[in-house]
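> Predicted structure and sequence below. I'll ask about it afterward.
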Amino acid sequence: MAPYNVRWGIMATGWIADVFVRDLLRDPNLRDASDVSHSVVAVASSTSASRAEKFIADTGIPADPACKAYASYAELVADPNVDVVYVATPHSHHFQNVMLCLEAGKNVLCEKAFTVNAAQTRILCETAGKKNLFLMEAVWTRYFPLSVQVRELISKGAIGEVLRVTADTSLGFDVETTFKTEHRMVNKDLAGGALLDLGIYSLTWVFQTLYHTLPREQRKPPSRISAHMTPYHVTGTDEATTILLSFPTSTPSNSSKPGESHAVAMTNLRTKGEIQVDGPAFRPEVYRVIPKKGEGEIKEVKLTFPTDGRGMYWEADEVARCLRDGKLESEGLPWEESIVMMEVMDEARKQNGLVYPERIESTVYPAEL
């Protein structure tokens, strides 16, 4: 049987779109994904067709069949040859851009963070459901074989109850020199800051170990959330955020005994072992299973990336399989889980008074940004 082919439209031509497309073009057979294949049939820049054409040439998208270059996102979503759109715009624009896709009847893979707030995420999921369209947040780390294996180990009780999770995603920039005031990482108008761009990776590990490892009917959102932020003194976005979460039960048994599970930074005398994942949290390659002293040997597992890819092809493969199977959402990252994660980031901002401009927080559509 021929592999199921998905025809992608790429919205935006920045760095993350470049990385994604280069992974799409790698041979799926070399990562044991012979059941699906990918084609890039259209690329859109918000400013000019020439930028889209340059992107097509730079990434090596095959000329047969020809890949269309568009000077607007509206043209992209109107292309009948596009099965699914990869939205690679800044966080601030995701709600408007994804709504544009959904209103045009297009399936969507949207870069993380899904939106600027949970209200926007909820509307996107509701809209996709009403229109019978596939929608997924592109948290690539979720679909790595390493992530899958760690979740399986936890679900099987390999280290007993998981009572604490610590995750750190930090980079070493000289913020004033590197980002100054206009860069998207520190620009409030683009929903900049550490939380939405990097903090979501730490939350990914918290959620996929303390939340996602339980059956869907047993999953409960955090019972307590506390957050501290350090604002970037120039623009007011967050340059450091720490979130402490308490979950009402432990995992994998969903037991209230010995009690809550805590995430971020803590110690606990009951733990029977540890799964250590070497950073960076968004693209790990090594994990260790460390049992309680005297109860077994430390096991280290290294999982490399086939074809020297970055690892985005696994999330693309998931999209293809979902489309093939007629699914509207991925079991690997269901809509409700994306909404709960956005609610956590909403609460972190609320507790620290971080508010983005009303025009990008708005749930009004259409709207000029």
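Structure received.
> Could you pull up the residues touching P280?
169, 201 (Cβ atoms under 8 Å, 6 or more residues apart in numbering). The C-beta positions use only the backbone N, C-alpha and C, and glycine is treated the same way.
> which residues of the stretch 201-350 of the chain fall in helices?
For the stretch 201-350 of the chain, the helices defined by DSSP state H, counting those that start in this stretch cover 313-324, 335-352.
> what does the average pLDDT come to for the last one?
pLDDT averaged over helix 335-352 equals 95, rounded to a whole number.
> Pull out the buried positions in that helix.
335, 337-349, 352 (16 or more other Cβ atoms under 10 Å).
> same deal with the shortest one?
When neighbours are counted by 16+ other Cβ under 10 Å, the buried residues of helix 313-324 are found to be 313-323.
> ok, and what's touching it?
Applying Cβ under 8 Å, 6+ apart, the set of residues contacting helix 313-324 is 4-6, 8, 20, 23-24, 26, 28, 31, 33, 35-38, 83-84, 107, 109, 134, 136, 138-140, 142-145, 328-330, 332.
> least trustworthy helix or strand in this structure by mean pLDDT?
Lowest mean confidence among the helices and strands of the chain (mean pLDDT, DSSP states H and E): helix 175-178, at a mean of 85.
> Any idea how far that helix is from the middle of the chain?
Distance, stretch centre to chain centre, for helix 175-178: 26 Å (Cα atoms, centre = their mean, to the nearest Å).
> roughly how far is the helix or strand just after it from the heart of the chain?
The C-terminal neighbour of helix 175-178 among helices and strands, as given by DSSP states H and E, is helix 194. Remark: helix 194 is offset 14 Å from the chain centroid, using Cα atoms, centre = their mean.
> swap in stretch 100-108?
Using Cα atoms, centre = their mean, the offset of stretch 100-108 from its chain centre is 19 Å.
> domains of this structure?
Annotated domains of the chain cover 2-139, 140-249+265-307+338-357 [the TED database].
> before we move on, the earlier item: tell me the one of the buried residues of helix 313-324 nearest E297?
E297 lies nearest to W314 out of those, by Cβ to Cβ, at 29.5 Å.
> returning to that earlier point: ok, so of the buried residues of helix 313-324, who is nearest I200?
The nearest member of those to I200, counting by Cβ to Cβ, is E315 at 14.1 Å.
> mind checking how far that closest one is from A113?
In this view, E315 and A113 are 15 Å apart by Cβ to Cβ, to the nearest Å.
> Equivalent analysis for V150, please.
22 Å.
> And for F95?
Using Cβ to Cβ, we find F95 at a distance of 11 Å from A113.
> With E285 instead?
E285 is 24 Å from A113, by Cβ to Cβ.
> Which one of those two is surrounded by more residues?
Legend: neighbour count by other Cβ atoms under 10 Å for E285 and A113, higher for A113 (25 against 16).
> Please tell me I have it right and the more buried one contacts H91.
Yes - the pair A113 / H91 is scored as a contact, 5.3 Å apart, by Cβ atoms under 8 Å.
> what do these two both touch?
With Cβ under 8 Å, 6+ apart, A113 and H91 have common neighbours 191, 196-197.
> Out of the contacts of helix 313-324, list just those in helices.
20, 23-24, 145 (DSSP state H).
> Next, count neighbours for the closest residue to K302 other than its chain neighbours.
Spatial nearest neighbour of K302, excluding adjacent residues (Cβ to Cβ, 6 or more residues apart in numbering): V286 at 5.0 Å. Other residues near V286 number 14, with proximity taken as other Cβ under 10 Å.
> Next: G279.
14.
> now swap in the one 5 residues further on and tell me
The local packing of P284 (other Cβ under 10 Å) involves 18 other residues.
> for I159, same thing?
Burial measure for I159: 19 neighbouring residues, criterion other Cβ under 10 Å.
> So it, which state does it fall into?
coil (DSSP: H, G, I helix; E, B strand; the rest coil).
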